[in-house]
Structure formats: structure tokens, C-alpha cells
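Q: what would the 3D arrangement of this be:
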Amino acid sequence: MAKKHIAVAMGGYSSEFDISLQSGKIVCENLDRNKYHVHAVQITKQGWFYLPENGDRKTIDRSNFSFENNGEKIVPDAIFNTIHGTPGEDGYMAAYWELLGIPQTSAGFYQAALSFNKRDCLSVLKHFGIHCANSYYINKGTDYDLEAIVLSTGLPCFVKPNRAGSSFGISKVNDMEDLQPAIEKAFTEDTEVLIETALVGTEVSVGTYRKDGEIIVLPVTEIVSENDFFDYEAKYLGKSQEITPARISDEETQTVQLEAKKVYHLLNMTGVSRSEFIIQDGVPYFLETNTTPGLSSESIVPKMVKETGMSLSEFFGILVDEALVKK
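A: Model (predicted):
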């Protein structure tokens, strides 16, 4: 069988640019070269480029996402999407690739956009009986009442940008006087802000993917932050412990895995996604889902995959083959 051309898309336009490059690098290193021609592609604000292993970067033709390699014009057979944040995780690139008829490894454009908007995603899942924290929403430019917010969510609460990844702009608020500055901080990342009750329990992360159309759940990872919560420092600067498998009972493990599977199914996901929950009094409360979770050596999903005994090469191959089936 002829080797398929796989473009690994990385970079993006958000504060997660560098983290995405690390994810893309790991994918490029681990995709099976006996099965695929692997091409690194960088999506940046300055332009879209193909990065050959030797030689200068080449501009991508946006009319069909093609690029030149050794005088040959290549249109990828599939895209491995490792762009965190916009435009790879919020549906823009997915919609563009879908218009071109190029399959990609992440969620479809609507699923990506819906899950990227925490507020809308929570609204949909609550309707199906998924447990979520109490929340309050505000938009920039509209008046809001701090008393009313606290009445709804209580203290402590979390103030988050509605559409930003990687814990940028998040604050935990314990006292009333810290609420206003926290809202202003969140508004630096997004024009929509989400305020939620701070749940007390064990924070866990659950990876889910499809193989041969079947939804498979990875081992559960427990997140223990040295900081007050799993913020940017905790996530990327080593200020947290991620323990796989999580130190929770078998019953809690099964409950949260079932819930993650349900979320994946309800949102009609494809590819690998990673959902975050807090288990409070044995009940998993859904926080959010990531449709292009980190795949760098520090990231959670690769650790989950290793726990199953699977190699990253095998796992990434499953994701690519699932995407190619769509074609």
C-alpha cells in the first residue's frame, strides 16, 4: 500500500503556541515512517509554512493546503491536528479542512467550537444530566452585580475566560474584594467570562478516543497542584503532580470513565479528547473538555497511553487511521 502523506499541524494564534510546537514535535517523532510520509506544518499569525527536515520553510498554498517538497507538490491525505487554542481547537481549521475534503484527527468544526466555548458546552451537557458546578456568565460591556454573582456561585469561586485554553487568565477567588480584579484579569483573555463554584474534591483528567468507531476510555489521571489550583504554572512549570492511574476507588474510576465516555458520545466527538472532572463526594462534576489535548512529553494523554502499555507510535497511528477512514 502506498504511504500516506500526513501533515502535522502545530503552532496557532494563541498563548499556547510554544506548547503546541512541543506536541507537534512529539507527533512527528513518533508517527510510523514505514506507514506515513510525515510533514511538519506551522500555522502562525505571520503565515502558514511547511518545514522540510532540511532546507528553508515553504509557504503553504491555502487554496488546497498543498506545499512543495523536493519539487513535488503534496496535498496531504490527512492532517494530524496538534494546534491548541485558536484556530486549531475552536473549529476554524477543522471547518477549512472539511471544505477542502482533507480529513483531520480532531473533532469536527462544530464539536470543536462548542467544546471550546465552556459556557455553551456546559449548557448542553447539563441538559443531558451531566453534573456541573453552579455557574454565572458575564459579557464585557454589560453591567454585572458582584453580590448577585456570589449569591449564585458562593465563595470560593473560580473566574475563567470562557474561551481560552491552558489556564490563562483564571483566578480562584476566596474573598469578595478579589472578585472584581479577577473578572478584569479574565477579560484580558476573552470578552466572555465564566464564574463557577469552587468544587472540593479530587481533580481528574480522562482521555477518550475512537478506534474502529468504538469509544475507548484511557486510564484516569489525578491532578495534584502545589498551587491553589491547576493553573498555568502547575500545568507547564512542574508545579503539579499528575498521577496515573488516579488514587481513587475502582468504583469512582468506573463512574468517571463512564461519564467521560458519555460526554464524548453526547458531544459526538472524534479523535482524542481529554475531559476534566472534580470528584466531590463520589460524584464526578464535569469542568471542560479539550479537543486537541497536549501531546508533548510532559502532557497527560501520552502518560495515559503509556499506562495502557501502548506505544505513542501505535496510538497516533490509530488516530490517523480513524481520520483516513472518514475519507
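Q: only C-alpha atoms for contact and neighbour calcs from this point on.
A: Fine.
Q: low-confidence stretches in the chain?
A: By pLDDT under 70, the low-scoring segments of the chain are 164-167, 226-239.
Q: can you list the domains in it?
A: The chain breaks down into these domains under automatic domain parsing: 4-113, 135-197, 200-326.
Q: start to end distance for the second one?
A: Which is domain 135-197. 6 Å (C-alpha to C-alpha, to the nearest Å).
Q: so which of the domains of the chain is nearest Cys121?
A: Nearest to Cys121, of all the domains of the chain, is domain 200-326, at 7.9 Å by C-alpha to C-alpha.
Q: quick one: the closest one to chain centroid distance?
A: Distance of domain 200-326 from the chain centroid (C-alpha atoms, centre = their mean, to the nearest Å) equals 10 Å.
Q: over to stretch 162-179?
A: From the chain centre to the centre of stretch 162-179 is a distance of 19 Å (C-alpha atoms, centre = their mean).
Q: what is the end-to-end distance of it?
A: Start-to-end span of stretch 162-179 (C-alpha to C-alpha) is 16 Å.
Q: summarise which helices and strands the helix or strand containing Glu322 is packed against.
A: Taking DSSP states H and E as the criterion, Glu322 maps to helix 312-326. In this structure, helix 312-326 packs against helix 17-30, strand 78-81, strand 202-211, helix 300-307, with contacts taken as 3 or more C-alpha pairs under 8 Å, 6 or more residues apart in numbering; DSSP states H and E.
Q: ok so, going back, nearest to Phe128, out of the domains of the chain?
A: domain 200-326 (8.2 Å).
Q: who's in contact with the residue nearest to Asn69 when sequence neighbours are not counted?
A: Counting by C-alpha to C-alpha, 6 or more residues apart in numbering, Pro52 is the residue found nearest to Asn69 once chain neighbours are left out, at 7.2 Å. The contact partners of Pro52, taken as C-alpha atoms under 8 Å, 6 or more residues apart in numbering, are His39, Ala40, Lys58, Asn69.
Q: over to Lys126?
A: When contacts are counted by C-alpha under 8 Å, 6+ apart, Lys126 touches Cys132.
Q: which SSE is it in?
A: For Lys126, the host element (DSSP H and E) is helix 118-127.
Q: may I have that helix as CSV, with CA atoms only?
A: Extracted in CSV, the C-alpha atoms of helix 118-127 (Å, rounded to 0.1, in the frame of the first residue of the first chain):
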residue,chain,number,x,y,z
LYS,A,118,-17.1,26.4,28.1
ARG,A,119,-20.4,28.2,28.7
ASP,A,120,-22.2,26.7,25.8
CYS,A,121,-20.7,23.2,26.3
LEU,A,122,-21.9,23.2,30.0
SER,A,123,-25.4,24.3,28.9
VAL,A,124,-25.7,21.4,26.5
LEU,A,125,-24.3,18.7,28.9
LYS,A,126,-26.3,19.9,31.9
HIS,A,127,-29.4,19.3,29.8
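Q: how distant is that helix from the center of its chain?
A: The mean C-alpha position of helix 118-127 is separated from the chain mean by 16 Å, C-alpha atoms, centre = their mean.
Q: and it, what's buried?
A: Residues Lys118, Arg119, Cys121, Leu122, Leu125 are the ones in helix 118-127 that count as buried (16 or more other C-alpha atoms under 10 Å).
Q: wait, Asn81 sits on Met10?
A: Yes: contact status for Asn81 versus Met10: in contact at 6.8 Å, counting by C-alpha atoms under 8 Å.
Q: about what we covered before: mind putting the helices and strands packed on helix 312-326 into JSON lines with distance to Lys45 and mean neighbour count?
A: Converted to JSON lines, those look like this (distance: least, C-alpha to C-alpha, whole Å; neighbours: other C-alpha atoms under 10 Å):
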{"stretch": "helix 17-30", "distance to Lys45": "10", "mean neighbour count": "21"}
{"stretch": "strand 78-81", "distance to Lys45": "17", "mean neighbour count": "26"}
{"stretch": "strand 202-211", "distance to Lys45": "30", "mean neighbour count": "23"}
{"stretch": "helix 300-307", "distance to Lys45": "27", "mean neighbour count": "20"}
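Q: can you pull out the helices in this structure?
A: Using DSSP state H, the helices of the chain run over 17-30, 92-100, 109-116, 118-127, 146-153, 179-187, 232-236, 250-266, 300-307, 312-326.
Q: just tell me which of those helices ends up closest to Pro284.
A: Pro284 lies closest to helix 250-266 among the helices of the chain, at 5.9 Å (C-alpha to C-alpha).
Q: by contact count, what packs against that closest one?
A: strand 202-211, strand 214-225, strand 273-280, strand 283-290.
Q: mind listing what the third one pairs with, with the direction of each?
A: Paired strands of strand 273-280, with direction, are strand 202-211 (antiparallel), strand 283-290 (antiparallel) (DSSP bridges).
Q: can you give me the angle that strand makes with strand 214-225?
A: If you take axes from the mean of the first three to the mean of the last three C-alpha atoms, to 10 degrees, strand 273-280 sits at 50 degrees to strand 214-225.
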